[in-house]
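Undergrad: based on what follows, work out the 3D shape:
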Amino acid sequence: MANTIWTIEEFSCPSCSMIYTATREKHEARHAGSFKCSVCNAVVHTWSGNHHFFGWEAVKAKPPVFGRRWAGVR
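TA: Sure thing, here's the model as predicted:
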């Protein structure tokens, strides 16, 4: 049975650098698994032990803002 210790961790694809987050949950029983990149299909993370990763999501990067630095400031 799982307890309530959860942390959100960030991972980067070693092939295309896509950023992902996943929730890590601590368990009493051992778990093993892996996650592959949805862009290039490379393995982003593998795990084995008393924890499990779930809820994988791609991090949406904010586009750079171009223009005047002090727009609207007088």
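Undergrad: mind listing what the helix or strand Phe53 falls within pairs with, with the direction of each?
TA: Element membership for Phe53, per DSSP states H and E: strand 43-58. Taking DSSP bridges as the criterion, strand 43-58 pairs within the sheet with strand 19-36 (antiparallel).
Undergrad: the strand it pairs with: which residues count as buried?
TA: 20, 22, 25, 35 (16 or more other CB atoms under 10 Å). In short, each C-beta sits where N, CA and C put it, glycine included.
Undergrad: what is the nearest of these to Glu57?
TA: When the buried residues of strand 19-36 are compared for distance to Glu57 (CB to CB), Tyr20 wins out at 6.5 Å.
Undergrad: neighbours of the closest residue in space to that closest one that isn't next to it in sequence, just the number please.
TA: Excluding the flanking residues, the one nearest Tyr20 by CB to CB, 6 or more residues apart in numbering is Phe11, at 5.0 Å. With neighbours defined by other CB atoms under 10 Å, the count for Phe11 comes to 17.
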